[in-house]
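In: Need the 3D shape of this:
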Amino acid sequence: MSGWRGWFRQRRTDELALIDADITEFGEELARHVFVPTGQDSDALVLADYERALDAYERAKRDFVGDRDHQDAEDVLRALEEGRHALACAEARASGRPLPARRPLCFFDPRHGPATTEIRWSPPEGAARLVDVCAADGVRLREGLPPIATGRPSVVTGVPAPHAHRTDHPAHGAPRAAPGQGAHRRPYRIWPPGTPAAQRAEGTGDSRFELVRPDASTPVILVVRLDAVGSAELFGHESLLGHEGRRNLLKRGASGRRAVVPLPPDGHASVRLGIETRGSWRAWLHAPDHVPEIESKLRSKGSYVFRYSGGPATIRVDQRGGGTFWLEELTDGFAPGQRLITGKGTCNGESRLNGPALIHVRSSGDWNATLTGRTQPKVS
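Out: Numbering: from 1, shown residues only. Modelled structure (predicted):
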């Protein structure tokens, strides 16, 4: 028995040594990169990509401290992948070449490398979902075999389906996060545990970067937090953001320093952001199943998204200060739905909820929401 234990300990040590060497190699690659301004408009984007690569390198080093095996180091591997892609983007922009495509790392093990296909997979006693997998795991799953070198048993419920559309919705039966597994006492202060590195970013000062959507065909919530006065803009398709293809999330000089923005699916694999601030910032894509739920009262400041899962009830909202206030339901696709309450400045209002719903608050002030007359949802 001791021999087996020693073998496993040695295996973990070897795996960590390889990851440590990978971090060192990427650091040396960054050191060899020389940024030479050309006077072109692309200089700012090249520099932003290079800074994103540096941030990913620093995050990988920081996250590696205390790791005991390769599973602990998954966030390190994803940070390195993000950094290498950012550096490749910088080099492509500098030379006038098209930006390299980016695929997430294999869902089952980031050591397998970038994913090459999307396949429907069912975790034990869980609902089927689309996951990005490497070519080898794609073949094994289609043949009914488990993925390579992981303890995750699999049930294949279909063939690769890159254009499949998920219809589950947090307000209509999607699983809720269990305590200690993504639930937050202070939602939207930091990304939920387990958020992939490709879906989150942090830094200090001005930056332009991309967050990779978990699935281009499903909605997601974007959260941006600034620790100092600044601004944040969302860049994307003109059909969603207006004729300039951009949308102000946070304005410089405004009181709000946090934006919680529901994003409908737009067919794009990533979300592009620009931040201008002298302080530190964080941004991430917040999974719908980690959205906080209102029980009887909820208090916050600024924009917010929350869930209600009960039966018919009356909701009352009071805002202190701030500008325009909107309380609206979201559709399954995260598009604006029924407007429930509107106001401006110090105001209040109430409306009726007919049952489970996902609610979006648009505000820059302090507000309180209270439920009354709540009933349990009918069981069909």
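In: where does the stretch 201-350 of the chain have low pLDDT?
Out: 237-245, 253-256 (pLDDT under 70).
In: so where do the helices sit in it?
Out: Taking DSSP state H, counting those that start in this stretch, the helices of the stretch 201-350 of the chain run over residues 238-241.
In: Can you show me the CA trace of stretch 281-301 as PDB?
Out: Only the C-alpha atoms of stretch 281-301 are listed here, as PDB (Å, rounded to 0.1, in the frame of the first residue of the first chain):
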ATOM      1  CA  TRP A 281     -11.200  46.600 -11.500                       C
ATOM      2  CA  ARG A 282     -12.800  43.200 -12.000                       C
ATOM      3  CA  ALA A 283     -15.100  41.900 -14.700                       C
ATOM      4  CA  TRP A 284     -16.700  38.500 -15.300                       C
ATOM      5  CA  LEU A 285     -19.500  36.600 -16.900                       C
ATOM      6  CA  HIS A 286     -21.900  35.500 -14.100                       C
ATOM      7  CA  ALA A 287     -23.700  32.200 -14.700                       C
ATOM      8  CA  PRO A 288     -27.500  32.500 -14.400                       C
ATOM      9  CA  ASP A 289     -27.600  29.700 -11.800                       C
ATOM     10  CA  HIS A 290     -25.600  31.900  -9.400                       C
ATOM     11  CA  VAL A 291     -28.100  34.800  -9.500                       C
ATOM     12  CA  PRO A 292     -29.200  35.800  -6.000                       C
ATOM     13  CA  GLU A 293     -32.800  35.100  -4.900                       C
ATOM     14  CA  ILE A 294     -35.100  37.500  -3.100                       C
ATOM     15  CA  GLU A 295     -36.800  35.900  -0.100                       C
ATOM     16  CA  SER A 296     -38.700  38.800   1.500                       C
ATOM     17  CA  LYS A 297     -36.300  41.800   1.300                       C
ATOM     18  CA  LEU A 298     -33.400  42.900  -0.800                       C
ATOM     19  CA  ARG A 299     -31.200  46.000  -0.600                       C
ATOM     20  CA  SER A 300     -28.500  47.200  -2.900                       C
ATOM     21  CA  LYS A 301     -27.200  50.100  -4.900                       C
END
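In: For it, buried residues please.
Out: 281-288, 290-294, 298, 300-301 (16 or more other CB atoms under 10 Å). Yep, even glycine has a C-beta here, placed from its N, CA and C like the rest.
In: contacting residues for the nearest residue to Asp55 once chain neighbours are set aside?
Out: Nearest residue to Asp55, sequence neighbours excluded (CB to CB, 6 or more residues apart in numbering): Gly203, at 5.0 Å. For Gly203, the contact set (CB atoms under 8 Å, 6 or more residues apart in numbering) comprises Glu51, Arg52, Asp55, Phe209, Ile275, Ser280, Trp281.
In: Specify the beta-bridge partners of Gly203.
Out: Trp281 (DSSP bridges).
In: wait, what's in contact with the residue nearest the centre of the chain?
Out: Note on the chain: the residue nearest the mean C-alpha position is Leu285, at 2.0 Å, using CA atoms, centre = their mean. Neighbouring residues of Leu285 by CB under 8 Å, 6+ apart: Thr195, Gln199, Arg200, Leu211, Arg213, Pro214, Val220, Ile221, Leu222, Val223, Val271.
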